[in-house]
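# The sequence and its predicted three-dimensional model are supplied below.
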Amino acid sequence: MIDAPFWNKEIETAERSRIEQIQLQRLKQTLAWALKTPFYQKKLTQVGIHSPEDIRSLQDLQRVPYTTKDDLRLSFPKGLMAVEMREVLRIHSSSGTTGIPTVIYFARDDVENWTDLLARSIVGTGATDSDVFQNMMTYGMFTGGLGLHYGAERVGMTVIPIGGGNTKRQIQTMKDFQTTVVHVTPSYLLHIHSKLGEDGIDRKDLALRKAFVGAEPHSENTRRKLEELLQIDAYNSYGLSELNGPGVAFECVCKKDMHVWEDAYIAEVINPDTGEVLKEGETGELVLTNLVRRAMPILRYRTRDLTFLYPQGCDCGRTHRRISRILGRTDDMLIINGVNVFPSQIEERIMKIPEVATNYQIHVDKKGSLDRLTVKVEIYPKLFLGEVAKLEALRHKIVEELRASIVISPLVELHEPGALPVSEGKAKRVVDDRPKD
Ligand code: DLL
């Protein structure tokens with residue numbers, strides 16, 4: 001055992017039996033909240049759950065049906081809201097939206113609880129109130145910005161709410177205020193490293209010591225690379241808007257995968273094909289139930305993220321079990337520099353444009369350390385006979401259409417029909433050439 005830092009040692013090191021006792025009590029409370037929503041009222045009564053008392057043990061959670069992203073979309077806007085709108089303190093949404101957005105409601109106590117989980121996560125990495133914290137995640141509806149912002153303030157760090165992008169300014173700010181901790185996507189941190197030195201600011205001018213990296217998949221090799229290039233400690237941080245955002249699972253000082261805060265979430269891993277609950281150590285889809293969200297309780301949410309649960313135990317002394325870094329997804333969602341993009345969103349938009357023919361391809365690769373999204377579309381041959389300016393205007397129109405839907409600006413290439421590969425079976429719409437390292 002090492003002498004690890006804690007935010008709330010009593011809870012973080014509680015005996016398993018105590019954690020399970022808290023889970024059961026909070027699960028019942030969550031069921032009571034859930035039964036106030038039209039969505040769960042219907043879903044739960046269908047399986048014979050009419051009151052929280054119908055759940056007697058944690059095992060009984062398995063009687064509760066899964067909730068999917070589609071359920072959330074179909075219940076938009078208020079089907080999962082368990083309080084009156086005047087009790088909602090804040091609304092966030094998922095970074096990727098396919099048509100109808102997925103919105104999340106927080107009551108005052110929900111923000112309070114979430115903030116506490118983030119403070120716990122931050123302190124668990126060894127960061128303290130003496131740190132200067134530069135939050136490079138996008139603010140706005142995305143949970144990565146405000147979530148960590150509140151957590152860092154609660155810890156008492158000096159918070160710089162700079163938000164995403166503008167690399168020169170990020171580097172200058174790191175120097176000016178001697179930033180010690182950053183919160184960032186791993187790809188953006190690599191990009192920042194590649195720009196060090198350009199304006200005369202080098203690593204030696206910075207005081208950086210830690211990075212919280214998350215919101216997108218990355219490998220252990222990427223973490224090591226970041227740590228070596230920048231001489232820092234990088235901690236993996238996992239979460240999703242549907243379950244509050246960041247602060248679902250976070251690495252501690254041991255950096256051996258992420259503790260799920262089990263007094264606030266019940267984590268299960270299931271076989272994505274059969275729905276069967278798997279044992280510790282078996283890889284499958286992570287399913288999460290939140291235990292401390294009153295305005296919008298979510299039960300057994302299928303995250304589509306692949307991972308496995310470790311048995312209890314970690315050198316830091318925390319008893320909350322860990323999940324492995326995310327090993328993949330069960331669906332086709334792409335994460336481009338931290339932004340979730342569904343190929344179906346792209347298809348839907350481009351296919352509405354009359355000049356676009358029938359074939360297209362989505363290509364993702366790396367330019368430097370950043371992800372680059374290219375959408376290749378076939379357009380009708382007669383369009384190539386006109387003026388170049390018209391083609392350029394069409395290209396620009398497609399970029400703008402896509403940006404309106406997926407938030408980021410892709411590169412768009414125009415091709416003649418037949419130029420893009422056609423497959424005889426299922427179309428391979430997405431080519432992801434990013435190194436898997
Ligand atoms: O990305 C919340 C977040 C913000 C987490 C900042 C960490 C830091 P969403 O936009 O809803 O929320 O995207 C959630 O992103 O289901 C995963 O597929 C992926 N993801 C998030 N963190 C990690 C991670 C935020 N550490 C989706 N490793 C999730 C791999 C991650 N994938």
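Perfect, thanks for sending it. Given the structure is predicted, the values throughout are model-derived calculations rather than measurements.

# Quick check, the residue in the stretch 151-300 of the chain closest to the ligand?
Distances between the stretch 151-300 of the chain and the ligand by Cβ to the nearest ligand atom are smallest at residue 214, namely 3.1 Å. Placement of C-beta: from N, CA and C, glycine included.

# for the record, mean pLDDT for stretch 224-237?
In this model, stretch 224-237 has a mean pLDDT of 95.

# anything in that stretch near the ligand?
Yes. Using Cβ under 6 Å from any ligand atom, stretch 224-237 reaches the ligand at 236, 237.

# Wait, residue 373 touches residue 407, no?
No. Using Cβ atoms under 8 Å, residue 373 makes no contact with residue 407, being 11.1 Å away.

# Who has more neighbours out of these two?
Between residue 373 and residue 407, counted using other Cβ atoms under 10 Å, the more crowded position is residue 373 (21 against 17).

# mind listing the strands in the stretch 251-400 of the chain by residue range?
Ranges of strands within the stretch 251-400 of the chain are 258-260, 265-270, 284-290, 301-307, 322-323, 328-329, 334-336, 339-341, 356-367, 370-379, based on DSSP state E, counting those that start in this stretch.

# Redo those as TSV? Include distance to the ligand and mean pLDDT.
Listed next are these as TSV, based on distance: least, Cβ to the nearest ligand atom, whole Å; pLDDT from 0 to 100:
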stretch	distance to the ligand	mean pLDDT
strand 258-260	8	98
strand 265-270	13	98
strand 284-290	8	97
strand 301-307	5	95
strand 322-323	10	98
strand 328-329	6	83
strand 334-336	6	92
strand 339-341	5	88
strand 356-367	15	88
strand 370-379	13	94
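
# Redo those strands as CSV? Include distance to residue 229.
Formatted as CSV, the strands of the stretch 251-400 of the chain follow (distance: least, Cβ to Cβ, whole Å):
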stretch, distance to residue 229
strand 258-260, 22
strand 265-270, 32
strand 284-290, 30
strand 301-307, 27
strand 322-323, 26
strand 328-329, 25
strand 334-336, 22
strand 339-341, 24
strand 356-367, 16
strand 370-379, 15
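
# Ok, which of these comes nearest residue 435?
Between residue 435 and those, the shortest gap by Cβ to Cβ is with strand 356-367, which sits at 6.7 Å.

# chain center to the closest one: distance?
Relative to its parent chain, strand 356-367 has a centroid offset of 24 Å by Cα atoms, centre = their mean, to the nearest Å.

# Remind me what it packs against, helices and strands.
Packed against strand 356-367, as judged by 3 or more Cβ pairs under 8 Å, 6 or more residues apart in numbering; DSSP states H and E, are the following elements: strand 334-336, helix 343-350, strand 370-379, strand 430-432.

# Give the buried residues for stretch 217-226.
Going by neighbour count (16 or more other Cβ atoms under 10 Å), the buried part of stretch 217-226 is 217, 218, 222, 223, 225, 226.

# Show residues contacting that stretch.
For stretch 217-226, the surrounding residues in contact (Cβ atoms under 8 Å, 6 or more residues apart in numbering) are 186-187, 189-190, 193, 211, 213, 232, 234, 236, 325-326, 328-329, 335, 436-437.

# 6 Å - rerun?
Stretch 217-226 is contacted by residues 186, 189, 234, 326, 437 when judged by Cβ atoms under 6 Å, 6 or more residues apart in numbering.

# what about burial for those, which qualify?
186, 189, 234, 326.

# so the first one touches residue 214, yeah?
What it means is residue 186. No. At 7.9 Å, residue 186 does not count as touching residue 214 under the criterion of Cβ atoms under 6 Å.

# Up against the ligand, what does the protein have?
By Cβ under 6 Å from any ligand atom, the part of the chain that sits against the ligand consists of 94-95, 137, 143-144, 214-217, 236-241, 245-246, 303, 305, 326, 329, 335, 340.

# Alright, I will stop here.
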